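A.B. asks: Would you be able to build a 3D model of this:
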Amino acid sequence: QVQLVESGGGSVQAGGSLRLSCATSGRTFSDLTMGWFRRAPGKEREFLAAITYSGSSTYTNYADSVKGRFTISGDNAKNTVYLQMLSLKPEDTAVYYCAADFDSGYARWGQGTQVTVSS
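C.D. replies: This is a model prediction of the structure:
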């Protein structure tokens, strides 16, 4: 059973940065996609970034809303995916989730970590 646990959320002022972590257990980083999402109060869940491990290749993609500010990366040895967030804005306030896609959609989700950005 794959489990995902996010950490690294917190409260920061606008312009600050945070690095979120998503530790996985039960599955190695091979032939899967790990994604980061967020849900702000009163809004739909929003895709942020994904990293795909396919054979010996790794691919990343980002939502336009965070491109250039957020960076997704992974540490295969630790089975952990990160989301580095820079230049945070109050509108980045949300619960952030990581999820795993094993080739049929994002089937496993973490519990989420709160990020609050104050102006």
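
A.B. asks: Name the residues of the least confident helix or strand in the chain by mean pLDDT that are buried.
C.D. replies: Here the helix or strand of the chain ranked lowest by mean pLDDT, DSSP states H and E is strand 106-109, holding a mean of 93. By neighbour count on 16 or more other CB atoms under 10 Å, the buried set for strand 106-109 is Tyr106, Arg108. (Glycine included, C-beta is placed from N, CA and C.)

A.B. asks: So what touches it?
C.D. replies: Strand 106-109 is contacted by residues Val2, Gln3, Leu4, Gly35, Tyr97, Cys98, Ala99, Ala100, Asp101, Phe102 when judged by CB atoms under 8 Å, 6 or more residues apart in numbering.

A.B. asks: Which of these fall in strands?
C.D. replies: Gln3, Leu4, Gly35, Tyr97, Cys98, Ala99, Ala100, Asp101 (DSSP state E).
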